[in-house]
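Engineer: Got a sequence here, can you build the structure:
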Amino acid sequence: MIRFEQVSKFYPKGITPALDQVSLNIEREEFVFLVGASGSGKSTALRLIIREEPASAGRVIVAGNDLSRLSERRVPQLRRSIGMVFQDFRLLPNKTVFDNVAFALRVIGASKKDISRVFNAETFIVGVIAGMIGIGITILLIIPANIIIKNATNVSNLAKLPIEGAAALVVISMLLTLFAGLIPAKMASKKDPVIALRTE
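Structural biologist: Numbers count the residues shown, from 1 in each chain. Alright, predicted model coming up:
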């Protein structure tokens, strides 16, 4: 699946190589941890796997592809088959959250309709969670409010959150979130990824 054969990586200003004749073999369905001190070459190895950088010597083979022989034209196709979580966010800094998510989805071939569905599902989930948080905060505020009221008037449990009120909080939160996300989501889903990069 992933094989390094005597792989070395040198940087122009580096005193020592980032990788020095590294050989490893990771088979299909293996779960591997790559550990080491800072500067030991972990990130460099990952960059070689996605062909972000070429190896200075040796061969890197990923899913049967010898990356030293892989044409630049086929690199994007290789990267689409690899799930990579980067240390930095790899976002387009001048784009909105919606634009960044839509750009990634369009690049992998998602339709505008699919992107809209993703955004609608995400905003729905955010709305529900926000509503639940609102209920939790309200309940926490009710406790000291009842203590203050009881001390002042000797009336117990005057402040309450009825079920209808809790449901209303969730519904209002969902509607506000969906409404706030509807316009930017629609705009982002319609943008062409090539144009988005050109305007970056």
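Engineer: CA only for contacts and neighbour counts going forward, please
Structural biologist: Fine.
Engineer: how about the nearest residue to M174, chain neighbours excluded?
Structural biologist: In space, and not counting its chain neighbours, M174 is closest to G127: 3.9 Å by Cα to Cα, 6 or more residues apart in numbering.
Engineer: One more: L158?
Structural biologist: Nearest non-adjacent residue to L158, counting by Cα to Cα, 6+ apart: N146, 6.3 Å away.
Engineer: got the residue ranges for the helices in the chain?
Structural biologist: Shown for the chain, the helices assigned by DSSP state H span residues 42-49, 75-80, 97-107, 112-153, 163-190, 193-198.
Engineer: V118: neighbouring residues, count only.
Structural biologist: 17 (other Cα atoms under 10 Å).
Engineer: actually N94, not the one I typed
Structural biologist: By other Cα under 10 Å, the residues close to N94 number 11.
Engineer: ok, now how distant is it from A159?
Structural biologist: Per Cα to Cα, to the nearest Å, N94 is found 47 Å from A159.
Engineer: L161: what's it in contact with?
Structural biologist: L161 makes contact with 138-139, 142 under the criterion Cα atoms under 8 Å, 6 or more residues apart in numbering.
Engineer: oh sorry, the question was meant for G36
Structural biologist: Going by Cα under 8 Å, 6+ apart, G36 touches K42.
Engineer: what about V101, how many neighbours?
Structural biologist: 19.
Engineer: quick one: terminal-to-terminal distance for stretch 44-59?
Structural biologist: Stretch 44-59 has an end-to-end distance of 14 Å (Cα to Cα).
Engineer: mean confidence score for that stretch?
Structural biologist: Throughout stretch 44-59, pLDDT has a mean value of 91.
Engineer: can you check stretch 153-166 too?
Structural biologist: Stretch 153-166 comes out with an average pLDDT of 77.
Engineer: Show me which residues of it are buried.
Structural biologist: If you call a residue buried by 16 or more other Cα atoms under 10 Å, then stretch 153-166 has these buried ones: 159, 166.
Engineer: The residue nearest to M174 against L169, yeah?
Structural biologist: No: the pair G127 / L169 is not scored as a contact, 9.9 Å apart, by Cα atoms under 8 Å.
Engineer: Could you chop this protein up by domain?
Structural biologist: If you go by automatic domain parsing, the domain ranges for the chain are 2-80, 97-198.
Engineer: Tell me which of these is the most buried.
Structural biologist: Per residue and on average, the most neighbours among these fall to domain 97-198, with a mean of 16 (mean count of other Cα atoms under 10 Å).
Engineer: still on that earlier bit, mind putting the contacts of L161 into TSV with pLDDT and distance to D20?
Structural biologist: Output for those, formatted as TSV (pLDDT from 0 to 100; distance: Cα to Cα, whole Å):
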residue	pLDDT	distance to D20
T138	82	59
I139	81	60
I142	83	63
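Engineer: These into TSV, with extra columns for distance to K150?
Structural biologist: Formatted as TSV, those follow (distance: Cα to Cα, whole Å):
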residue	distance to K150
T138	18
I139	17
I142	12
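Engineer: Now the helices of the chain in JSON lines, please, with extra columns for distance to T16.
Structural biologist: Supplementary listing: those in JSON lines, determined by distance: least, Cα to Cα, whole Å:
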{"stretch": "helix 42-49", "distance to T16": "13"}
{"stretch": "helix 75-80", "distance to T16": "28"}
{"stretch": "helix 97-107", "distance to T16": "36"}
{"stretch": "helix 112-153", "distance to T16": "46"}
{"stretch": "helix 163-190", "distance to T16": "45"}
{"stretch": "helix 193-198", "distance to T16": "36"}
